[in-house]
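Chemist: curious how this folds, go ahead:
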Amino acid sequence: METTFVLLELDRTRKAHHLLPPATETELCRCEAALGHLLPPSYRALLAAHNGATLYESEMLVGTEPALDPLHGPVGTLSEPFWFEDSRRAPAEFLPFHLGRGRHLFDLRGGASPTGEYPVVEWSDTDGTITRTYADFGDFFEHALFDTFARRF
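Modeler: Numbering: from 1, shown residues only. Sure thing, here's the model as predicted:
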């Protein structure tokens with residue numbers, strides 16, 4: 001599923017509350033340098049189209065610039081993740097990219113697949129455990145975000 005098309009459709013139907021402008025190649029390279037590894041190609045492509053997004057006022061895809069949480073204001077970036085004070089933070093080998101009903105992180109522990117993608121895990125802020133795993137960002141987007149939103153509207 002083409003994530004940028006879906007985000008544009010959500011924006012067109014007013015279900016995406018805030019799509020940030022595209023990240024520049026310089027911003028993406030600076031983010032990757034700060035992280036110490038390359039971003040998954042699917043997420044990098046998304047950021048090249050929309051450098052983060054707030055969907056349905058509570059689901060945030062984090063980019064190289066702070067995402068906007070309606071309750072908390074600007075929140076973290078990919079290279080400087082946001083954690084609530086009472087959260088159980090994930091270890092450094094996980095990269096948070098989604099805040100909302102659950103927190104989703106790229107699992108960097110096993111390295112990237114041959115296509116450069118990383119598995120995605122759902123992280124429990126409450127007890128610091130992994131509650132679900134997705135094959136990659138596309139799998140997460142289709143099953144965790146898109147299907148959830150399709151049911152809501």
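
Chemist: for the residue nearest to residue 104 when sequence neighbours are not counted, helix, strand, or coil?
Modeler: In space, and not counting its chain neighbours, residue 104 is closest to residue 98: 3.9 Å by Cβ to Cβ, 6 or more residues apart in numbering. For the C-beta atoms, the positions are set from N, CA and C on the backbone; glycine is no exception. Following DSSP: H, G, I helix; E, B strand; the rest coil, we place residue 98 in the strand state.

Chemist: for the residue nearest to residue 52 when sequence neighbours are not counted, give its distance to residue 134.
Modeler: Nearest residue to residue 52, sequence neighbours excluded (Cβ to Cβ, 6+ apart): residue 63, at 3.2 Å. Applying Cβ to Cβ, to the nearest Å, the value for residue 63 to residue 134 is 19 Å.

Chemist: between those two, point out the one with more neighbours.
Modeler: residue 63 (24 against 18; other Cβ atoms under 10 Å).

Chemist: residue contacts, the more buried one?
Modeler: 20, 23, 47, 50, 51, 52, 77, 78 (Cβ atoms under 8 Å, 6 or more residues apart in numbering).

Chemist: just the buried members of the residues you listed?
Modeler: Buried subset of these (neighbour count, 16 or more other Cβ atoms under 10 Å): 20, 23, 47, 50, 51, 52, 77, 78.

Chemist: how about the secondary structure of the nearest residue to residue 122 once chain neighbours are set aside?
Modeler: Distance criterion Cβ to Cβ, 6+ apart; nearest residue to residue 122, sequence neighbours excluded, is residue 132 at 4.1 Å. Using three-state DSSP, the structure places residue 132 in strand.

Chemist: burial measure for residue 117, as a count.
Modeler: Residue 117 has 18 nearby residues by other Cβ under 10 Å.

Chemist: that one belongs to a helix?
Modeler: No. Looking at residue 117 with three-state DSSP, it is coil, so not inside a helix.

Chemist: who touches it in this structure?
Modeler: By Cβ under 8 Å, 6+ apart, the contact set of residue 117 is 40, 41, 42, 135, 136, 137, 138.

Chemist: most widely separated two among those?
Modeler: 41 and 135 (14.1 Å; Cβ to Cβ).

Chemist: alright, I will stop here.
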